[in-house]
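**Q** No sequence on hand, only this structure:
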């Protein structure tokens, strides 16, 4: 199963149309005001306008009223919305019980042009193989039952399709060498995971750089986070938190995340050196 690129294009086109209607509204309506009208944040309105998420029918009705669109425009927009909902489906809608934070992350990965992922002491989900994912979810399977953990593992595997689709997501990631020396799932699983990383690193849209063990920096102690870039829209930082995720477009926060990324990258091997290091780790397995 792969991501439906038509779904992404349709959402982005609808989002641009809603943005145009908001900007044409008189009196002027800001994203903050639109968010307040639907009981949500400015960030969510921005996210919908860039095509990351569909509004609900209720939200759409409130926004069209706020933008004071005429009856003809309202009918046209509502017809487009209904047609899209009936004919365009994205793969993650087949999993209705996914956590909202995870759905938002999937939507960001789907619409972004580029992402920087500081993996630190983790291998990013986009680069994990099924056997490695299964090993990671072994405890969750014991705690919450195999059905839920199998769904989450399958969803994580499907997320990786954004790297191999037509017009793939461009990924730049930093990894601490320590996580590659772990034995998650056993020797065979870890070797296949390393082989997958090496294969992905050879793709033109994927850059993997390793912060070696000898680097004088606590690479594995820095919490994982991502910075997403979009065409014509503000960048967004996503960070993993205990029990959830945090998303923000705050300019200062995004700039700080970029500076931290570049600082940590200063301790990393080059992409070519990193591939050689992965090859060596494979031979040692």
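**A** Nice, I can see it. Keep in mind that this is a model prediction, so the values were computed, not measured. Numbering: from 1, shown residues only.
**Q** separation between residue 74 and residue 215?
**A** Counting by Cβ to Cβ, to the nearest Å, the separation of residue 74 from residue 215 is 58 Å. Using the backbone N, CA and C atoms, a C-beta is placed for each residue, glycine as well.
**Q** That should have said residue 276, apologies.
**A** If you measure residue 276 against residue 215 using Cβ to Cβ, the figure is 16 Å.
**Q** Settle it for me: which of these two has more neighbours?
**A** residue 215 (16 against 13; other Cβ atoms under 10 Å).
**Q** roughly how far apart are the more buried one and residue 206?
**A** Taking Cβ to Cβ, one finds residue 215 at 22 Å from residue 206.
**Q** Next SSE downstream of the helix or strand hosting residue 192?
**A** Remark: residue 192 resides in helix 187-201, with elements defined by DSSP states H and E. Beyond helix 187-201 on the C-terminal side, the first helix or strand identified by DSSP H and E is strand 206-211.
**Q** Name the next helix or strand downstream of that following strand, please.
**A** Next element after strand 206-211 (DSSP H and E): strand 225-230.
**Q** Let me see the mean pLDDT of that following strand.
**A** Across strand 225-230, the average pLDDT comes to 96.
**Q** and that strand, which strands flank it?
**A** Here strand 225-230 is paired, per DSSP bridges, with strand 114-120 (antiparallel), strand 233-241 (antiparallel).
**Q** For the first one, which outside residues touch it?
**A** Taking Cβ atoms under 8 Å, 6 or more residues apart in numbering as the criterion, the residues outside strand 114-120 that touch it are 109, 124, 126, 169-176, 179, 219-229, 258, 260-261, 264.
**Q** What's the ChimeraX line that selects buried ones from the residues you listed?
**A** Restricted to buried positions by 16 or more other Cβ atoms under 10 Å, the ChimeraX selection for those reads:
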select :109,124,126,169,170,171,172,173,174,175,176,179,219,220,222,224,225,226,227,228,261,264
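**Q** Need the pLDDT of the nearest residue to residue 85 once chain neighbours are set aside.
**A** Leaving out its chain neighbours, the residue that sits closest to residue 85 by Cβ to Cβ, 6 or more residues apart in numbering is residue 54, at 7.3 Å. Per-residue pLDDT puts residue 54 at 89.
**Q** which residues does residue 201 contact?
**A** Shown in contact with residue 201 (Cβ under 8 Å, 6+ apart): 207, 208, 271, 274, 275, 278.
**Q** got it, and residue 33?
**A** Residue 33 makes contacts with residue 66, as judged by Cβ under 8 Å, 6+ apart.
**Q** Next secondary structure after the helix or strand hosting it?
**A** Assigned by DSSP H and E, residue 33 falls within helix 31-37. Sequence order places helix 42-49 as the next helix or strand after helix 31-37, per DSSP H and E.
**Q** Give me the distance from the helix holding residue 33 to the chain's centre.
**A** Here helix 31-37 is found 24 Å from its chain centre; the criterion is Cα atoms, centre = their mean, to the nearest Å.
**Q** per-residue confidence averaged over that helix?
**A** For helix 31-37, the mean per-residue pLDDT is 96.
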